[in-house]
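> My questions concern the predicted model and sequence given below.
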There are 2 protein chains.
Amino acid sequence: VAAEVRLALTGFGNVGQGLAQLLEAHSEEYERRYGVRLLLSGVADRGGAAVASDGLDPGDLLHAKRVSGTVAAASGGEANLAGETFLDRSGADILVEGASTNFTDAEPGWSYAQSAVQREMDVVLASKGALVLHFDRLMAMAGRKRRRVLFSGTIGAPLPILELADRVLVGVRILALEGIVNATTNQILTVMADGASYEEGVRAAQQAGVAESDPTLDVDGWDAAAKAVILARSLFNASLRLDDVRREGIRGIGPADLAGARSRGETYKLVTRIWRDGSLVLAAVAPECRPLNDILGRLRGQEMGVVFKTDLLGDVTSTVQDTGGVPTALTVLRDVINLARERGWAR
Amino acid sequence: VAAEVRLALTGFGNVGQGLAQLLEAHSEEYERRYGVRLLLSGVADRGGAAVASDGLDPGDLLHAKRVSGTVAAASGGEANLAGETFLDRSGADILVEGASTNFTDAEPGWSYAQSAVQREMDVVLASKGALVLHFDRLMAMAGRKRRRVLFSGTIGAPLPILELADRVLVGVRILALEGIVNATTNQILTVMADGASYEEGVRAAQQAGVAESDPTLDVDGWDAAAKAVILARSLFNASLRLDDVRREGIRGIGPADLAGARSRGETYKLVTRIWRDGSLVLAAVAPECRPLNDILGRLRGQEMGVVFKTDLLGDVTSTVQDTGGVPTALTVLRDVINLARERGWAR
């Protein structure tokens, strides 16, 4: 008999709905494969929440969202349910925090994460705000309660950056990291490298479903810079703030730049870098001209990649093609399963 | 205070000596970083063994091996100590099996692995024989005793093939795998691609310390085929035998082939493939002509790489440059630490 693990999900946008779709389609497969039954015991969005200790029906949640715009319209739903009351009534083992984020107060994610840890829930974060603003406080709080906070989905999902650092680079020192961790800008630059204008590139990314209607956070490098802050903290033990990341977006790159690069066998990529300079750790997000056969230069469209510069293994790289429509939801699933394994609930 | 974890090491060749060097140089760092103190409580080679429940001195073991050819000459050493008596007297928590291997009876590794599991030790394998010949029996035996058997070091170390499959491709189906998992042949082919003859390529690989004096196991594809058997069993749940792997080595490739490929922007690589054909799982090791900007075609020298073809994430890749001299020993260390984490001994 499989252990049951209850998930409380805050936010029901792309990531939350993607997770519900995965559970709707595959939860029996997951039970066979990992020996654990994943139940959505609570889901909250801006319109309210739904709770059921024996598990909400993912299909019903998706239907209510589509038809009524909120999970409050689903079976078990209430219009004014939120916050600590929601967490308590969900009876969850793990909070999956995926509400849309901001870098001003990181709400509602920051409050949800704190409340969950106080209730001795483990936490899987898919939104970046709480990590960018309060990384140290959140981890200290979790440490005192012996709770785990996983967050693979926040830094270039589904790239295995944290898993490689934690499970593979054992006994190895990371000297520097460089990567393409923002799919939207890579999609835009790829279309532009094939001859399109910036505006056409943005439209293509929007049509592909990777760019927001206002693409500022992506094209001006804010999203990549936020990821750099989280990576600097978790892999380099360096407390950078968002303002500490040198940041240059892709708006300054025109079709002529890309055509010129192509004639030299190169192309522009928005590269996120973290490196050591003596005892300092520095981070930057900026366009770079890379050879087309380079490990990052060859990545097209929504592909992403990371290069770890290490002392004992040289360059260790990983790339993900990400042709699926649910990469961040899959990354959340992987954090949930890996967390359940640590707890002895899953295999 | 750090937990102490005792290791019994069988075989003291490249891998064993590499592990001893790592522990000699870095065990305090490992203790700080992972909260665990790794002790070599027993080491056996063909000349005998040394045991000490409070830990042998890695420097003394390396000195004895260099001067006398066996760890039996080290402090705590005995010429006739081996087998079950050795394991009992080591008092180890984990067997690290790294004795040289064969694919006929897989001894002495197979006996050591069985004896360790019977004694409720966990097992880290760096030698392939027991896995190639007895994968299912070993895992069933370990399952009955609730022991873990890790073996990242046997399949293209230090590539993170098993870690990616286990920790990252959660909820993802592996459709096929292709990789360069043998460093010796890649080194030879790289030198040949730059204009050298096969014989010069072999000599260069021998001088770089990656090729044996008799390179047959590598150049005829036996090593890669053995890795394919282990990968097919662990990632595709398919019980292939060594004879089931279609195998073609690199002896048939001449400088003219490589020059012709170069003129087309391509090069030859020894590629290991595993794929599904209906309900069948097939495996092959053979030279392939790959574009120079391809993820595998661009790997030079001792670099290795793997491409997972998946259903939900498209191609997921990893490459390792492996400039260090101790890649397999590092991979054994990572299995030891990850195993200690599973047991709650390390963080």
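Received it, and whenever you're ready, just let me know what you need.

> Quick one: neighbours of A:A256, just the number.
Close neighbours of A:A256, defined as other Cβ atoms under 10 Å in any protein chain shown, add up to 8. C-beta here means a position set from N, CA and C on the backbone, and glycine is covered the same way.

> which residues are contacting the host helix or strand of it?
Using DSSP states H and E, A:A256 falls within helix A:255-263. For helix A:255-263, contacts defined as Cβ atoms under 8 Å, 6 or more residues apart in numbering or on different chains pick out A:L189, A:M192, A:A193, A:G195, A:A196, A:S197, A:Y198, A:T267, A:Y268, A:C289, A:L292.

> go on, stretch A:88-98?
By Cβ under 8 Å, 6+ apart, stretch A:88-98 touches A:5-13, A:15-16, A:19, A:41-42, A:51, A:53, A:81, A:87, A:109, A:112-113, A:116, A:119, A:121-127, A:130, A:153, A:332, A:336, A:339-340, A:345.

> Which residue does the stretch 51-200 of chain A have closest to chain B?
Closest residue of the stretch 51-200 of chain A to chain B, Cβ to the nearest Cβ: A:V170 (3.8 Å).

> CA atoms only for the helix or strand A:R89 falls within - export them in CSV, please.
Following DSSP H and E, one finds A:R89 within helix A:83-90. Taking Å, rounded to 0.1, in the frame of the first residue of the first chain, the C-alpha atoms of helix A:83-90 are listed here in CSV:
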residue,chain,number,x,y,z
GLY,A,83,-4.0,32.1,4.4
GLU,A,84,-3.5,30.2,7.6
THR,A,85,-7.1,28.9,7.7
PHE,A,86,-6.6,27.5,4.2
LEU,A,87,-3.3,25.7,5.3
ASP,A,88,-4.8,24.3,8.4
ARG,A,89,-7.9,23.0,6.7
SER,A,90,-5.8,21.5,3.9
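
> Now it: buried residues?
Across helix A:83-90, burial judged by 16 or more other Cβ atoms under 10 Å in any protein chain shown covers A:F86, A:L87, A:R89, A:S90.

> Max pairwise distance over these: which two?
Farthest-apart pair in the buried residues of helix A:83-90 is A:L87 and A:R89; separation 7.5 Å (Cβ to Cβ).

> Checking A:R6 next. Helix, strand or coil?
strand (DSSP: H, G, I helix; E, B strand; the rest coil).

> picking that back up, average pLDDT across the helix holding A:A256?
Averaged over helix A:255-263, pLDDT sits at 95.

> Kindly report the same for stretch A:163-180.
97.

> returning to that earlier point: just the C-alpha atoms of the helix holding A:A256, please, in CSV.
Output of helix A:255-263 as CSV, limited to C-alpha atoms (Å, rounded to 0.1, in the frame of the first residue of the first chain):
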residue,chain,number,x,y,z
PRO,A,255,18.8,42.2,-36.4
ALA,A,256,22.0,43.7,-37.7
ASP,A,257,24.0,42.5,-34.6
LEU,A,258,22.6,39.0,-35.1
ALA,A,259,23.3,39.0,-38.8
GLY,A,260,26.9,40.1,-38.1
ALA,A,261,27.3,37.5,-35.5
ARG,A,262,25.9,34.8,-37.8
SER,A,263,28.5,35.7,-40.5
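
> Give the burial count for the residue of the stretch 51-200 of chain A closest to chain B, as a bare number.
Residues near A:V170, counting by other Cβ under 10 Å: 22.

> In contact with it: list those residues for me.
With Cβ under 8 Å, 6+ apart, A:V170 has these contacts: B:Y34, B:L330, B:L333, B:R334, B:I337, B:N338.

> Filter the residues you listed down to just the ones in strands.
Counting by DSSP state E, no part of the contacts of A:V170 is found in strands.

> Please consider this matter closed, and thank you.
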